[in-house]
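Engineer: I need the structure of the sequence given here:
(one chain, ligands or ions: 2)
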Amino acid sequence: MQSSFSLSCSQATTVPRSNYTFDSLPFAPSKPINLRFCGLRREALGFSSLSRSHFRRGLQLHTPTRSKRISASLVDNGSPPKSFDYDLIIIGAGVGGHGAALHAVEKGLKTAIIEGDVVGGTCVNRGCVPSKALLAVSGRMRELQSEHHMKALGLQVSAAGYDRQGVADHANNLASKIRNNLTNSLKALGVDILTGVGTILGPQKVKYGKAGFPDNIVTAKDIIIATGSVPFVPKGVEVDGKTVITSDHALKLEFVPDWIVIVGSGYIGLEFSDVYTALGSEVTFVEALDQLMPGFDPEIGKLAQRVLINPRKIDYHTGVFASKVDAALIATGRAPFTNGLGLENINVVTQRGFVPVDERMRVIDADGNLVPHLYCIGDANGKMMLAHAASAQGISVVEQITGRDHVLNHLSIPAACSLILKSPQAREKGETEAFEVSVAKTSFKANTKALAENEGEGLLRPDTGEILGVHIFGLHAADLIHEASNAIALGTRIQAGVLNQKYHFFLPETAN
Ligand SMILES: Cc1cc2nc3c(=O)[nH]c(=O)nc-3n(C[C@H](O)[C@H](O)[C@H](O)COP(=O)(O)OP(=O)(O)OC[C@H]3O[C@@H](n4cnc5c(N)ncnc54)[C@H](O)[C@@H]3O)c2cc1C
Ligand SMILES: NC(=O)c1ccc[n+]([C@@H]2O[C@H](COP(=O)([O-])OP(=O)(O)OC[C@H]3O[C@@H](n4cnc5c(N)ncnc54)[C@H](O)[C@@H]3O)[C@@H](O)[C@H]2O)c1
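Structural biologist: Numbers count the residues shown, from 1 in each chain. Ligands and ions are numbered 1, 2, ... in the order given. Next up, the predicted model:
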């Protein structure tokens, strides 16, 4: 089976993904574990400075100058300014902030974006982009190594090998390229890129600056917080960037271990198990909950285990809580990043680190009131920790501040290699809202193209005439899911037949 096999779903949950951070896991770990050194070759580890400091590299995109230091509109921190430097200031130039900025310019807003590290944030520099570049390599390696698969296509391939540095460069180069594209797109559209850590001083007022430079204060009619997230590391675990690493380090592929423990079998753990095993490592998963991939729909999780875990050099310990490790990749979730943001200046208290927002991404203060003109999008609000969700939330906010009321339908946002609304949650929703949920399945065995590509296994799952969710497991799942996503966004019912024709869905019993 090729590693391009992936999991997809379109659907959301009323339970924010943030509930998954370890602090709130609803269980008592059954077996605490102290993992010893697990086969990482120390001499092969070439990390230099791998501090978790969030702002390691600064792009000199805009050098703070004294002339901009105090805005003409500066007043006391507590009261709103009377005139503004910008229509919109976005704090954080990840994909969320970038998406919002582009849409704001399209809508005619004078826009600035404040970035404390590098443009592109997690997704471009330490997330989706380099990880998908590595997955592209592992997919090809696996395919080339599959004699059976090659023979079936009539191909003959001699032993497949790889150059670690070449693979690492591929991921790094792709990240640089996309980072440059994002930066250039902002500049080309006239978005001011302000370099430094942004701190909210009061209503509609932000300061930013770099260590050693004087602060600059800018004002805006509206402010969007888009400060993202960083790896969550359980208490007691010390990340040194050498033998105990997070995805931030692993994505640089500075070594390929003979054997590696991956703590956490969620999205990141699963993706890295794919990369490492394709490149020759053995993997041991340590998962705190009682099953692998507990965040996935149970049925899809089982399928994934059968296809992506069991046939590979992977063993696992479930129900084991890693509290001290000596060598491992820590993939135990993401924590929102709000350090230094100055939320205390506007009476906002985070909830398990996340910035509280309503369904329109409007920030809620400690007294439960909306903070005027302040929004939070992306990983920092914990609604859905996905790149395209961050961007969609940003666009939704811009729609609102330019006069069009808009509520993003999170139920239509697809996730690849992840499952948002799981069948137990769909059933729960049905019970709460008093409707029946039925499940329909089909197999890619009935799909000619899938068979032509020698992938005969797949599962599609629509619930009720109103499509509640679709899960796809199989070749190109991440591409196919978008049709379902569009259907959900448009409120298409299964009877409309689009998905039926395409995927041979069975009509759910409750559809009428
Ligand atoms: C290994 C990995 C793989 C992933 N793969 C996928 C995937 O395949 N698909 C997917 O949809 N999602 C994926 N994700 C998740 C995705 O990366 C995030 O959901 C997305 O990056 C969130 O975007 P954001 O704009 O909210 O935050 P971020 O991308 O984290 O950006 C926040 C930005 O704000 C800056 N910042 C923070 N505080 C301040 C401040 N006070 N002042 C100024 N700047 C500040 C940061 O430096 C950063 O640049 C992956 C994540 C990881 C870790
Ligand atoms: N393809 C994609 O869409 C994609 C890919 C990668 C990451 N992401 C995003 O990044 C986020 C973070 O991914 P992730 O895999 O780190 O988080 P996750 O929440 O998906 O999985 C974390 C896993 O670690 C386990 N865990 C937590 N603490 C533990 C401990 N002390 N010992 C053992 N197990 C423990 C949890 O039970 C869980 O199974 C995801 O929520 C997702 O939104 C998305």
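
Engineer: C-alpha from now on. contacts and neighbour counts both.
Structural biologist: Noted.

Engineer: buried residues, the longest helix along the chain. List them.
Structural biologist: Identified as the longest helix of the chain according to DSSP state H is helix 164-188. For helix 164-188, the neighbour count (16 or more other Cα atoms under 10 Å) marks 167-169, 171-172, 174-176, 178-179, 182-183, 186 as buried.

Engineer: what do you get for stretch 397-408?
Structural biologist: 397, 398, 399, 401, 406, 408.

Engineer: keeping just the C-alphas, turn it into PDB.
Structural biologist: Taking Å, rounded to 0.1, in the frame of the first residue of the first chain, the C-alpha atoms of stretch 397-408 are listed here in PDB:
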ATOM      1  CA  VAL A 397     -13.700  38.500   9.900                       C
ATOM      2  CA  VAL A 398     -12.900  40.900   7.000                       C
ATOM      3  CA  GLU A 399     -16.300  40.300   5.600                       C
ATOM      4  CA  GLN A 400     -17.800  41.400   8.900                       C
ATOM      5  CA  ILE A 401     -15.700  44.500   9.400                       C
ATOM      6  CA  THR A 402     -16.500  45.600   5.800                       C
ATOM      7  CA  GLY A 403     -20.200  45.400   6.500                       C
ATOM      8  CA  ARG A 404     -21.400  41.900   5.600                       C
ATOM      9  CA  ASP A 405     -22.500  39.800   8.500                       C
ATOM     10  CA  HIS A 406     -20.800  36.400   8.100                       C
ATOM     11  CA  VAL A 407     -20.600  33.300  10.200                       C
ATOM     12  CA  LEU A 408     -18.200  30.700   8.900                       C
END
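
Engineer: list of residues touching it?
Structural biologist: 100, 103, 104, 107, 222, 359, 360, 361, 375, 392, 393, 396 (Cα atoms under 8 Å, 6 or more residues apart in numbering).

Engineer: confirm residue 406 sits in a helix?
Structural biologist: No - judged by DSSP: H, G, I helix; E, B strand; the rest coil, residue 406 forms no part of a helix; its state is coil.

Engineer: rewinding a little: need the max-distance pair from the buried residues of stretch 397-408.
Structural biologist: Greatest spacing in the buried residues of stretch 397-408, by Cα to Cα: 401 and 408 (14.0 Å).

Engineer: distance of residue 283 relative to ligand 2?
Structural biologist: 14 Å (Cα to the nearest ligand atom, to the nearest Å).

Engineer: show me the strands paired with the helix or strand containing that residue, marking each as parallel or antiparallel.
Structural biologist: Using DSSP states H and E, residue 283 sits within strand 282-287. When pairing is defined by DSSP bridges, strand 282-287 lines up against strand 259-263 (parallel), strand 314-318 (parallel).

Engineer: out of the ones you listed, which one sits most buried?
Structural biologist: strand 259-263 (a mean of 25; mean count of other Cα atoms under 10 Å).

Engineer: how about it and ligand 2, touching?
Structural biologist: Yes - contact of strand 259-263 with ligand 2 (Cα under 6 Å from any ligand atom) involves residue 263.

Engineer: does ligand 1 sit close to that strand?
Structural biologist: No - applying Cα under 6 Å from any ligand atom, one finds strand 259-263 separated from ligand 1 by no less than 13.1 Å.

Engineer: which residues touch that strand?
Structural biologist: So strand 259-263 is contacted by 38-40, 269, 273, 281-287, 322, 327-332 (Cα under 8 Å, 6+ apart).

Engineer: circling back to that earlier point, how about the buried residues of stretch 397-408 in a markdown table, adding distance to ligand 1 and pLDDT?
Structural biologist: As requested, the buried residues of stretch 397-408 are exported to a markdown table (distance: Cα to the nearest ligand atom, whole Å; pLDDT from 0 to 100):
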| residue | distance to ligand 1 | pLDDT |
| --- | --- | --- |
| 397 | 14 | 98 |
| 398 | 15 | 98 |
| 399 | 18 | 97 |
| 401 | 19 | 97 |
| 406 | 19 | 92 |
| 408 | 15 | 92 |
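
Engineer: for stretch 303-322, buried residues please.
Structural biologist: Of the residues in stretch 303-322, 303-305, 307-309, 312-314, 316-322 count as buried by neighbour count, 16+ other Cα under 10 Å.

Engineer: against residue 82, how distant is residue 183?
Structural biologist: Computed with Cα to Cα, to the nearest Å, the distance linking residue 183 and residue 82 is 31 Å.

Engineer: this completes my enquiry, with thanks.
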